[in-house]
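J.: predicted model, plus sequence, below.
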Amino acid sequence: MSPILIVALMVALYLANSVKILNEYERGVIFRLGKLLPAPKGPGVILVFAPLDRMVRVGLRTIVMDVPPQDIITRDNVSVKVNAVLYFRVMNPAKAIVEVESFTYATSQLAQTTLRSVLGQVDLDDLLSERDRLNRDLQRLLDQQTDPWGIKISAVELKHVDLPENMQRAMARQAEAEREKRAKIIHAEGEFNASERLSQAASVMSGQPLAITLRYLQTLTEIAGEKNSTIVFPLPVEFLNLLQPKKTAGADGEQPSK
């Protein structure tokens, strides 16, 4: 083979090795002689002339990261374990490579420390009932800290709050007490409403003496319909007062005569 053909083959192999293909969701951060080029390349076919150029691939898709369970002591001194899920994506590939050594590892560590810091300032009741507000606070704080890295935090969601067994039993007793409280209140309201209705019914019957007799006959009809041989005769309470002995006080404080 002639030297020209050998050189041509070497140049062809070098050019073929310099051709890189980037997907639609990828960008290539190029360092030429150690200096960062102004704009990332891609997507599509690009040329990377090694060893002058060095390319770092950066994905632009949303990354879903699981934040490991963190031991947290709430403001009311309750020890819990909380884990979360983090959604973020790279908005500026050049900053993500130049400003931080490993943006995925740095974002994970920042999410863990921020999770402990924010949740340690709230009570247990707020941690369980106000997750939406806490998610927004975490997202806002993380987004502010990762913005210099060219990373956008789109969402932070608390997944699970692991409570100690003694706290679970205490909360179960509290919930049971709340249910009993509501049941007693409902029962008392029912008794109050029933007493008002009975008072109104007594006022109506007092104006119509025959109403009591009709009510008595209706009660006998209901008892007879149940095939019961018992017959109830109502006795007015006023009759009992007639049977009680009357007492009269003596003039000189003597014992009253019967």
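T.: Here it is on my side, so go on.

J.: how about the contacts made by the closest residue to Q145 other than its chain neighbours?
T.: Spatial nearest neighbour of Q145, excluding adjacent residues (Cβ to Cβ, 6 or more residues apart in numbering): L110 at 5.9 Å. Just so you know, the C-beta spots here come from the backbone N, C-alpha and C atoms, and that holds for glycine as well. L110 sits next to 142, 145-146 when contact means Cβ atoms under 8 Å, 6 or more residues apart in numbering.

J.: in strands, which of those fall?
T.: Residues of these located in strands (DSSP state E): none.

J.: between those, which is nearest L158?
T.: Closest approach to L158 among those (Cβ to Cβ): L142, at 13.2 Å.

J.: give me the number of residues near that closest one?
T.: 22 (other Cβ atoms under 10 Å).

J.: quick one: residues contacting it.
T.: L142 makes contact with 86, 88, 107, 110-111, 114, 153, 156 under the criterion Cβ under 8 Å, 6+ apart.

J.: biggest separation within those, which pair?
T.: By the measure Cβ to Cβ, F88 and T114 form the most distant pair in these, at 12.7 Å.

J.: please say which of those two ends up with more neighbours.
T.: Each of F88 and T114 has its neighbours counted (other Cβ under 10 Å); F88 has more, 24 against 20.

J.: you'd agree the more buried one is up against T107?
T.: Yes - counting by Cβ atoms under 8 Å, F88 touches T107, with 6.1 Å between them.

J.: find residues that contact each of the two.
T.: Between them, F88 and T107 share the contacting residues 65, 142, 146, 151, judged by Cβ under 8 Å, 6+ apart.

J.: sitting in strands, which of the contacts of L142 do you find?
T.: Residues of the contacts of L142 located in strands (DSSP E): 86, 88, 153, 156.

J.: give me the pLDDT for the closest residue in space to the first one that isn't next to it in sequence.
T.: Of all residues not flanking L86 in the chain, M65 sits nearest, at 4.4 Å (Cβ to Cβ, 6+ apart). On pLDDT, M65 comes in at 93.

J.: any idea whether M65 is helix, strand or coil?
T.: M65 falls in the strand class when you classify it by DSSP: H, G, I helix; E, B strand; the rest coil.

J.: relative to P148, how far out is it?
T.: Distance of M65 to P148, given as Cβ to Cβ, to the nearest Å: 19 Å.

J.: quick one: A39 is in a helix?
T.: No - checked against three-state DSSP, A39 lies outside a helix; its state is coil.
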